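In: Predicted structure and sequence below. I'll ask about it afterward.
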Amino acid sequence: MSSKSQLAIAPYKAEFLKTCLEGDVLKFGTFTLKSKRISPYFFNAGLFFRADLLHSISFAYANALAEYAASNSLEFDVLFGPAYKGIPLATAAVDKLAAIDRAKYGRTSYSFNRKEAKDHGEGGSIVGAPLAGQRVVIVDDVITAGTAIREAIEIIKREGGTLVGILVAFDRQEKTPSLTDDDGEPRPSAIGEVRKQYGIPVLSILTLDDVIEFLKGLGTEEDLKRLEEYRAKYKASD
């Protein structure tokens, strides 16, 4: 990787991207998405089950959140991981935040929801820190249609928490599908719609723009060209 490419994105992003490539989390090829779009790449956050990969993504989550918090005065008390994928992500990210700055983040907590409320013992649908009166950041893998994130937001609201941000691993930066998907009309992304609807920051470790910048230093011209063409065709308006 060239020094120019290293300077184009933050070092923690570059390290995370290298891990994604080495672990086959990020692949290039031809992939049919749920939206029926034919994508030249695929990001599979479900593969972060190995120790080194979980370490990498949780460290990247912590850096992305700490970096944004420092420059935007964002304060939070709890990282909330929606069941199921968000549970290990939020839990591991809390650990890495404390490793970055124990004085600042040592008392940050994690919390997640049960799919079915427990009707015995302590009961309830929340495991970990109670959300009432707390400033909460949702940590999840991606936002595709936004349905799962909206469900998590309703849980936080119902439990008395205040949502102050959302953090995901990857932002495809592409517009939402329509019935005639190749209509060329500008539309926001699912992330853009959530950001606008709730008026909160929606952050990501990586974006498609980051991947393209990274590839410019690797000499993979064919993959780079296909990604740039895909971005031009489906780029979101937000």
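Out: Here it is on my side, so go on. Numbering: from 1, shown residues only.
In: For the rest of this, base every contact and every neighbour count on C-alpha atoms.
Out: Fine.
In: which helices and strands sit right next to the longest helix along the chain?
Out: If you go by DSSP state H, the chain has its longest helix at helix 51-72. The contact analysis (3 or more Cα pairs under 8 Å, 6 or more residues apart in numbering; DSSP states H and E) places helix 51-72 against helix 11-22, helix 86-100, strand 162-171, strand 202-207.
In: Show me how far the following helix or strand past that helix is from its chain's centre.
Out: Tracing the chain C-terminally past helix 51-72 and defining elements by DSSP states H and E, one meets strand 78-81 next. Strand 78-81 sits 13 Å away from the centroid of its parent chain (Cα atoms, centre = their mean, to the nearest Å).
In: hmm, who's touching strand 78-81?
Out: Outside strand 78-81, the residues that touch it by Cα atoms under 8 Å, 6 or more residues apart in numbering are 86-91, 94, 108-113, 129, 131, 134-140.
In: low-scoring stretches of this protein, by residue?
Out: The model of the chain has pLDDT under 70 over residues 1-7, 117-123, 182-183, 219.
In: How about the residue positioned nearest the centre of the chain: which residues does it bridge to?
Out: Nearest to the mean C-alpha position of the chain, by Cα atoms, centre = their mean, lies V168 at 1.1 Å. Under DSSP bridges, the beta-bridge partners of V168 are D140, S204.
In: wait, it sits on L203?
Out: Yes. V168 lies in contact with L203 (Cα atoms under 8 Å); the separation is 6.3 Å.
In: how about the longest helix of the chain: buried residues?
Out: 53-66 (16 or more other Cα atoms under 10 Å).
In: Going by distance to K233, which of these wins?
Out: A64 (27.9 Å; Cα to Cα).
In: ok, the spatially closest residue to the closest one that is not a sequence neighbour - how many residues close by?
Out: Leaving aside its sequence neighbours, A64 sits nearest to I205 (Cα to Cα, 6 or more residues apart in numbering; 5.8 Å). Burial of I205 is recorded as 22 neighbouring residues (other Cα atoms under 10 Å).
In: likewise E174?
Out: Counted with other Cα under 10 Å, the neighbours of E174 add up to 23.
In: Would you confirm that it contacts Y230?
Out: No. Taking contacts as Cα under 8 Å, E174 lies outside contact range of Y230: 9.0 Å.
In: picking up where we left off before, contacting residues around the residue nearest to the centre of the chain?
Out: Counting by Cα under 8 Å, 6+ apart, V168 has contacts Y61, V139, D140, D141, V142, I143, V202, L203, S204, I205.
In: Now the two most distant members of the residues you listed.
Out: Counting by Cα to Cα, the most remote pair of these is Y61 and I143, 15.1 Å apart.
In: Against Y84, how distant is the residue nearest to A64?
Out: 20 Å (Cα to Cα, to the nearest Å).
In: next one: F43
Out: 18 Å.
In: So which of those two has more stuff around it?
Out: Neighbour count, other Cα under 10 Å: between F43 and Y84, F43 has more, with 19 against 13.
In: for the closest residue to the more buried one other than its chain neighbours, what are its contacts?
Out: Nearest residue to F43 in three dimensions, chain neighbours excluded: L26, at 4.6 Å (Cα to Cα, 6+ apart). L26 makes contact with C20, Y41, F42, F43, N44, according to Cα under 8 Å, 6+ apart.
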